[in-house]
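> need a 3D model of the sequence below.
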Amino acid sequence: MHHMKTPTEPKQTIRLTIPVTPEVHEAFTRIAKATGTPIGRAMGEWLGDTLDAAQHVAQLVENARAAPRLVAQELHAYAHGLTDETGALLAKLRKDPTTRTGLASTRSVPPGAPGAGASPPSCNTGGKVPPRKGKAA
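Model (predicted):
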């Protein structure tokens with residue numbers, strides 16, 4: 001029986017020998033076992049799946065080498081934009097008490113005490129909480 005190529009397999013394959021750490025080898029060995037493919041194919045598919053990110057990083061590095069000041073200015077502008085966005089989010093959280101769940105959920109409430117189980121469980125229930133039986137003390 002001859003080898004049939006899958007539709008996603010490239011027409012031309014370039015074989016490489018690459019050094020990896022034992023941790024990387026173990027991770028791809030696990031992927032290969034789970035998918036029933038050779039480790040080289042698991043690595044190749046992973047790299048193919050992340051090609052857009054690799055191309056983006058390559059472009060950033062090329063730009064940084066060609067015009068480091070311009071790249072630094074772009075990163076600076078990005079950081080300022082991120083600061084503005086997070087600042088606006090924090091201001092919104094300060095103004096709207098219904099979004100301030102972090103403080104209430106971190107307090108320790110013993111099981112069976114009033115207020116125990118008052119928040120929805122951490123699963124996909126849609127926020128439906130069973131009604132309490134009896135009055136809270």
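> how about Gln43, nearest residue that isn't a chain neighbour?
Small correction: residue 43 is Met, not Gln. Once flanking residues are discounted, Met43 sits nearest to Phe28: 5.2 Å by Cβ to Cβ, 6 or more residues apart in numbering. Backbone N, C-alpha and C define where each C-beta goes, glycine included.
> and the gap between the one you found and Pro97?
For Phe28, the distance to Pro97 equals 48 Å [Cβ to Cβ, to the nearest Å].
> more neighbours: which of the two?
Phe28 (17 against 8; other Cβ atoms under 10 Å).
> list the contacts of the residue nearest to Met43.
Contact analysis of Phe28 by Cβ atoms under 8 Å, 6 or more residues apart in numbering lists 20, 39, 42-43, 46.
> try it again at 6 Å.
By Cβ atoms under 6 Å, 6 or more residues apart in numbering, the contact list for Phe28 reads 39, 42-43.
> sec struct for Arg15, please.
Of the three states, Arg15 takes coil under DSSP: H, G, I helix; E, B strand; the rest coil.
> nope, Gly48 is what I was after
helix.
> and it, how far is that from Ala42?
The spacing between Gly48 and Ala42, counted by Cβ to Cβ, is 11 Å.
> give me the more crowded residue out of those two.
Ala42 (20 against 12).
> for Gln12, see how far away the more buried one is.
From Ala42 across to Gln12, the span is 19 Å (Cβ to Cβ).
> same question, Val61
In terms of Cβ to Cβ, Val61 sits 25 Å off from Gln12.
> same question, Thr35
Relative to Gln12, and taking Cβ to Cβ, Thr35 is found at 23 Å.
> now the helix or strand harbouring Leu82: average pLDDT?
In the assignment (DSSP states H and E), Leu82 maps to helix 68-95. On average, the pLDDT along helix 68-95 is 89.
> which one's more surrounded, Thr35 and Gln12?
Neighbour count, other Cβ under 10 Å: between Thr35 and Gln12, Thr35 has more, with 11 against 4.
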